[in-house]
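# Mind folding the following:
(2 chains)
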Number of protein chains: 2
Amino acid sequence: MTPFNPALLTDLYELTMAQAYVEGGMSGEAVFSLFVRRLPASRNYLVPCGLDDVLTFFETLHFDPAALAYLQSLGRFSSRFLDYLERLRFTGDVHAIAEGTPVFANEPILEVVAPIADAQLLETFVMNQIHLQTVVASKAARIVEAAQGRTVVDFGVRRMHGIDAGLKGARAFHIAGVDATSNVAAGQAYGLPVAGTMAHSYIQAHDDESEAFRTFVRRYPDTVLLVDTYDTLRGVQKVIDLARALGPEFRVGAVRLDSGDPLALSFEARRMLDAAGLRSVGIFASGNLDEHRIAALVAAGAPITGFGVGTEMGVPPDAPTLDIVYKLVAYAGRGRIKLSPGKPVLPGRKQIFRVDRDDVAAYDVVGRHDEPPPGRPLLRTVMQHGIRTPEGRATLDEARRLKQREVSRLPAHLRAIAPADPPYAVEISAKLSDETERVRRQYLATR
Amino acid sequence: MTPFNPALLTDLYELTMAQAYVEGGMSGEAVFSLFVRRLPASRNYLVPCGLDDVLTFFETLHFDPAALAYLQSLGRFSSRFLDYLERLRFTGDVHAIAEGTPVFANEPILEVVAPIADAQLLETFVMNQIHLQTVVASKAARIVEAAQGRTVVDFGVRRMHGIDAGLKGARAFHIAGVDATSNVAAGQAYGLPVAGTMAHSYIQAHDDESEAFRTFVRRYPDTVLLVDTYDTLRGVQKVIDLARALGPEFRVGAVRLDSGDPLALSFEARRMLDAAGLRSVGIFASGNLDEHRIAALVAAGAPITGFGVGTEMGVPPDAPTLDIVYKLVAYAGRGRIKLSPGKPVLPGRKQIFRVDRDDVAAYDVVGRHDEPPPGRPLLRTVMQHGIRTPEGRATLDEARRLKQREVSRLPAHLRAIAPADPPYAVEISAKLSDETERVRRQYLATR
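Next up, the predicted model:
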């Protein structure tokens, strides 16, 4: 990617609005709230991710000379506003749910408190990053659940949407519980376990499949051999022949099935391997797998030890996007909403309270941030005056453990692949309902 | 984004295979072919994009010291192989279809000819970039077609998958014929027209909608005013009131509708504006628009002058991914295929011939690269010995014009939004069929 100033990763209207605020002397404090308006039908909960990248963006936000020169060239911005941008550093507060803690519709994932122009300018980047990472982590959580403890490896980068998605996606998969990634750059960037052995091309480049297996095993004794290039079960037989030829030197970890019917083929491959005394050779499956196919294989007792999941996890076809928004909810001490049909907004700074019964989440209450807590408060102050708090410094592995712990505290029917019936209950507190109604009446009176 | 070495944007197995090639002395020339196996049901053609980024990647490919140190730390790579990577520069040839020329299933978008290890290592990056840009350009082409000459503006970046998708997507939209983007970084990177005025938050930050309009118009006289924050038609009335108050100074370009029924609201808004003598004020629509909604609005005669399209174009829900692959088709002078069920591969270097009748594309023939051309050859040599040829230096605006011209040469039923019946015919030449059958028999004989 061409190097660029992340501050410019913004919709133009953020800048035109910010200029109007700056030049109009509107410097009051705003609260913006990031939330998902509706869960996709195929999601019982979301796994929010992306906060760490957002906080890094806030910490390093600045408009560099090239960015300022470009904006000047557009002929829409005054030197006063460009001066404001040149000096701009983020000095606001951020309250957010920890990466990995399940979240539901209309619950704030993050609230930003800052002068209105500053907070407005952040919208596009914040949405872009939290949206992407939450989309893929929420899908991956279902795939991990379906695999019931079997290994899941991310094969997604080739068809994920661009470089950033491949990298940040691998990070989000790790939080969701995926075991390893094929993406080497993500392995480097985040210290993730990397995995991968051979593709069909390696087999094809040899005149003979057995010869291809032999040369590969010589170099990588404990590798995974891809057996479906020509005929899956003949491929398995060639692995067995190789084991016989190598004797105790044979240490192949698994065979990989990438086409055909994985249920029938895995049973037959297992039978052949077992009959040859190769019980320790696992069966790894890949190719168009998603949580439904994996759950069906697991339910049918398929003797598969691990799954490689690519496109379906990387660009989830059942929910490739979320109805995520970043909305002004307060300005200059007053709650703000809009009245557009079907798009309700809850005014003011808020809190999510999770009410547990016997260590299982029973329901959530979304309330005002300062009301007496009816349950565990989930929004924490992760940045204060532009500086990360200790709560804003969770490591990637802490987020992974948190996701594991918090998802395990959801009711079983919510963790399941099937749509939850009933869905998880999210109530609005009496105080917040009253406040919303008060603000709505105020608007209706003045419109 | 953290700076990283693009060479590492690869699946681990590319590196393990490459090491096996390098250490096994397999240095023969390979041909890899990139193509889409099936068109999504909702695509009559694809608009290939991403070649320019791929060629830049090839030109600049190198493993930097940090990348090499990381790979060494994995404990799987020999110093001989790491030396190979350190010296690696791309010296191969690339034959590709020009960005913007419509392409169909099983037609090569790009073929790489290089030593097998070198060509293998490129797979992940090449697929990632061409996939993303082709996915979004192919959707955008439908939206541009549906808009029938009305303005289309890209509002997608906030929900596109990451930073790279937002940038490269805006580029691909431009090739597809989109008029402008809200993405400022893309405007800077590619010299694209940028557009955007105000969001609901600007209205909400003011105690009064009329006051918000007034202050904004003072600063941006020819702006677009968003009228649906509280009640769309009351919003339109406030714009009319402002026009009366300002008299000849009123120069607002359009009102924007972002919720509710755009058909009914646009007719009523038009009626109100016309009655007030504001015929020059356009109506801009946004909010959950796709090619079907736009086509329906256009067919119903909705007086809408422009469309802002975001999530549906940026992450197309009807075809968020393509079944794109990068397959070995020749090694050491021999055609290569695999026999996995349902996944046919055409061996050897190929050519796409487009056969026109009266300047309309009638059908394509995929043949061997060296056979007598039955039509216009579409694959051109864009890189030779690692250096771009003049054909590899098409500018972004040339690609946009090419897309416009080549799509206009498709039969009308293919350009339409509805699924083409019959679909476009792609034949395999007799010579290529014979070659495929010959290679298949060879494999069947030796397996």
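# what residues are up against the closest residue to residue A:337 other than its chain neighbours?
Spatial nearest neighbour of residue A:337, excluding adjacent residues (C-beta to C-beta, 6 or more residues apart in numbering or on different chains): residue A:345 at 4.4 Å. Yep, even glycine has a C-beta here, placed from its N, CA and C like the rest. With contacts taken as C-beta atoms under 8 Å, 6 or more residues apart in numbering or on different chains, residue A:345 has the following neighbours: A:33, A:327, A:329, A:336-338.
# and the strand or helix carrying residue A:14, does that touch chain B?
In this structure, residue A:14 sits in helix A:12-23 according to DSSP states H and E. Yes: applying C-beta under 8 Å from any C-beta of the partner chain, one finds helix A:12-23 touching chain B at A:12-17, A:19-21, A:23.
# Can you read off the pLDDT for residue A:442?
At residue A:442, the pLDDT value in this model is 85.
# Which of the three states applies to it?
Here residue A:442 is helix, with the state taken from DSSP: H, G, I helix; E, B strand; the rest coil.
# can you point me to the longest helix in chain A?
Ranked by residue count under DSSP state H, the longest helix found in chain A is helix A:123-147.
# Now do that one against helix A:12-23, angle only.
For helix A:123-147 against helix A:12-23, the angle between stretch directions is 130 degrees (axes from the mean of the first three to the mean of the last three C-alpha atoms, to 10 degrees).
# Let me see the mean pLDDT of helix A:123-147.
98.
# next one: stretch A:409-423
Stretch A:409-423 comes out at a mean pLDDT of 97.
# Give me the contacts around it.
By C-beta under 8 Å, 6+ apart, the residues outside stretch A:409-423 that reach it are A:39, A:41-42, A:44-45, A:102, A:142, A:145-146, A:291-292, A:295, A:356, A:359-361, A:407-408, A:424.
# give me that answer again for 7 Å
A:41, A:44-45, A:102, A:142, A:145-146, A:291-292, A:295, A:356, A:359-361, A:407, A:424 (C-beta atoms under 7 Å, 6 or more residues apart in numbering or on different chains).
# which among those residues end up buried?
By neighbour count, with 16 or more other C-beta atoms under 10 Å in any protein chain shown, those hold A:44-45, A:102, A:142, A:145-146, A:291-292, A:295, A:361, A:407, A:424 as buried.
# residues contacting the most far-flung residue of chain A relative to its centre?
Farthest-out residue of chain A from its mean C-alpha position, per C-alpha atoms, centre = their mean: residue A:245, at 45.6 Å. For residue A:245, the contact set (C-beta under 7 Å, 6+ apart) is empty.
# show me where the stretch 101-250 of chain A has strands.
A:110-115, A:151-154, A:180-181, A:224-226 (DSSP state E, counting those that start in this stretch).
# Take these and write them to JSON lines, including distance to residue A:67.
Output for the strands of the stretch 101-250 of chain A, formatted as JSON lines (distance: least, C-beta to C-beta, whole Å):
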{"stretch": "strand A:110-115", "distance to residue A:67": "20"}
{"stretch": "strand A:151-154", "distance to residue A:67": "34"}
{"stretch": "strand A:180-181", "distance to residue A:67": "32"}
{"stretch": "strand A:224-226", "distance to residue A:67": "46"}
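# Is it possible to get a markdown table of those that adds mean neighbour count?
Compiled in a markdown table, the strands of the stretch 101-250 of chain A are given as follows (neighbours: other C-beta atoms under 10 Å in any protein chain shown):
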| stretch | mean neighbour count |
| --- | --- |
| strand A:110-115 | 22 |
| strand A:151-154 | 24 |
| strand A:180-181 | 26 |
| strand A:224-226 | 26 |
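# okay, those strands in JSON lines with mean pLDDT and distance to residue A:400 next?
Shown next, in JSON lines, are the strands of the stretch 101-250 of chain A (pLDDT from 0 to 100; distance: least, C-beta to C-beta, whole Å):
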{"stretch": "strand A:110-115", "mean pLDDT": "98", "distance to residue A:400": "20"}
{"stretch": "strand A:151-154", "mean pLDDT": "98", "distance to residue A:400": "13"}
{"stretch": "strand A:180-181", "mean pLDDT": "98", "distance to residue A:400": "13"}
{"stretch": "strand A:224-226", "mean pLDDT": "98", "distance to residue A:400": "24"}
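# Quick one: closest of these to residue B:265.
For the strands of the stretch 101-250 of chain A, the distance to residue B:265 is smallest for strand A:110-115, at 31.7 Å, taking C-beta to C-beta.
# Show me what that closest one is packed against.
With contacts taken as 3 or more C-beta pairs under 7 Å, 6 or more residues apart in numbering or on different chains; DSSP states H and E, strand A:110-115 sits against strand A:29-36, strand A:93-97.
# Relative to chain B, tell me which of those strands wins on proximity.
The closest of those to chain B is strand A:29-36. By C-beta to the nearest C-beta, the value is 7.0 Å.
# mean confidence for the closest one?
Here the average pLDDT along strand A:29-36 is 98.
# same question, stretch A:90-106
In this model, stretch A:90-106 has an average pLDDT of 98.
# just stretch A:332-349 next, same as before
85.
# next one: that stretch to chain centre, how far?
Relative to its chain's centre, stretch A:332-349 lies at 27 Å (C-alpha atoms, centre = their mean, to the nearest Å).
# what does stretch A:248-256 give?
Centroid separation between stretch A:248-256 and its chain, computed with C-alpha atoms, centre = their mean, is 34 Å.
# Say whether chain B is contacted by that stretch.
No: using C-beta under 7 Å from any C-beta of the partner chain, stretch A:248-256 never reaches chain B; the gap is at least 10.3 Å.
# Get me the contact residues on the stretch 201-350 of chain A for chain B.
A:201-202, A:204-205, A:207-209, A:215-216, A:219-220, A:228-231, A:234, A:259-260, A:311, A:315, A:317, A:320-321, A:324, A:328, A:331, A:336, A:338-341, A:343.
# Run through the neighbouring helices and strands of the longest helix of chain A.
strand A:29-36, helix A:51-60, helix A:162-176, helix A:291-299, helix A:311-314, strand A:324-331, helix B:162-176.
# What does residue A:366 show for phi and psi?
phi -100, psi 120 (degrees, to the nearest 10).
# need the contact list for it.
A:106-107, A:346, A:350, A:352, A:426, A:428-429, A:432.
# tell me which of those residues is nearest to residue A:240?
residue A:107 (53.6 Å).
# residue contacts, the closest one?
Contacts of residue A:107 (C-beta under 7 Å, 6+ apart): A:35, A:352, A:364, A:366, A:426.
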